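*Asks:* coords below, sequence missing:
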């Protein structure tokens, strides 16, 4: 689309130059030829030299006009190109900053799925609480970077994740409160973790897709 507009603009400039050259040539040469319309073709070399000097002067004026038009046009193209480069650099920097924030969020959310099996109940619950706080703050404080956080689909993903973290805390509290770990409760926790991993990946994927789409605009 942009290339098509640029092509039309260039074609228009060429047309203006051609029309302007014809107009200038006509305005300058018409009085000359009108004045000598009844004269015979001269055989004097000096007359032809004067005529050549006249044509050279007309050509110089046309060349000067064309040069001025092209200079203005090239200057505008250069300014437009500079502005475009600035916009591209700006988008690139914002994209890198957004990706950094996504990586931080992903690492923080992954803390709820990586265990050594030696953590105490309080440590595990504290992890869920910290991650919940981080995710909530991300949703509320990073909307200037990710306007898509206001989208209902994204809000729903985050809501589900926060609910799962609350459920994890309750299940962990129940499991660690028993002398013998209930296998059913352990499986229930693992199932919820698998579902939460899927929801987390969907959220990260949505944010990354948003970054790519903004970069292509």
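*Replies:* That came through fine. Keep in mind that what you see is a predicted model, and the values were worked out from it rather than measured. Numbering: from 1, shown residues only.
*Asks:* Tell me the buried residues in stretch 70-85?
*Replies:* By 16 or more other C-beta atoms under 10 Å, the buried positions in stretch 70-85 come out as residue 73. Where C-beta positions appear, they are placed from N, C-alpha and C, glycine not excepted.
*Asks:* quick one, helices of the protein?
*Replies:* 2-35, 45-110, 121-141, 152-176, 183-216 (DSSP state H).
*Asks:* between those, which gets the lowest average pLDDT?
*Replies:* For the helices of the chain, mean pLDDT drops lowest on helix 2-35, to a mean of 62.
*Asks:* burial measure for residue 105, as a count.
*Replies:* The local packing of residue 105 (other C-beta atoms under 10 Å) involves 21 other residues.
*Asks:* if I pick residue 158, what's in contact with it?
*Replies:* When contacts are counted by C-beta atoms under 8 Å, 6 or more residues apart in numbering, residue 158 is found next to 135, 139, 149, 203.
*Asks:* scratch that, residue 110 is what I was asking about
*Replies:* Contact analysis of residue 110 by C-beta under 8 Å, 6+ apart lists residue 200.
*Asks:* burial measure for the nearest residue to residue 95 once chain neighbours are set aside, as a count.
*Replies:* Leaving aside its chain neighbours, residue 95 sits nearest to residue 215 (4.9 Å; criterion: C-beta to C-beta, 6 or more residues apart in numbering). By other C-beta under 10 Å, the residues close to residue 215 number 15.
*Asks:* quick one, what contacts residue 215?
*Replies:* Residue 215 sits next to 91, 92, 95 when contact means C-beta under 8 Å, 6+ apart.
*Asks:* about what we covered before: name the nearest of the contacts of residue 158 relative to residue 70.
*Replies:* Using C-beta to C-beta, residue 149 comes nearest to residue 70 of the contacts of residue 158, at 48.8 Å.
*Asks:* What does the residue lying closest to that closest one once chain neighbours are set aside show for phi and psi?
*Replies:* Using C-beta to C-beta, 6+ apart and skipping the chain neighbours, the partner closest in space to residue 149 is residue 143 (4.9 Å). Per-residue torsions, residue 143: phi -70, psi -20 (degrees, to the nearest 10).
*Asks:* Please renumber the chain so that the first residue is 7 from this point on.
*Replies:* Okay, residue one is now 7; in that scheme the one you just asked about reads as residue 149.
*Asks:* was I right about residue 149 contacting residue 157?
*Replies:* No - applying C-beta atoms under 8 Å as the test, residue 149 and residue 157 come out as separate, 10.5 Å apart.
*Asks:* Tell me, domain by domain, which residues of the chain belong where.
*Replies:* 8-92, 117-222 (automatic domain parsing).
*Asks:* quick one: the spatially closest residue to residue 97 that is not a sequence neighbour from residue 196, how far?
*Replies:* Spatial nearest neighbour of residue 97, excluding adjacent residues (C-beta to C-beta, 6+ apart): residue 221 at 5.7 Å. From residue 221 across to residue 196, the span is 38 Å (C-beta to C-beta, to the nearest Å).
*Asks:* One more: residue 131?
*Replies:* 17 Å.
*Asks:* Could you do residue 220 as well?
*Replies:* 37 Å.
*Asks:* ok, these two, which is more surrounded?
*Replies:* Per other C-beta under 10 Å, whichever of residue 220 and residue 196 has more neighbours is residue 220, with 16 against 10.
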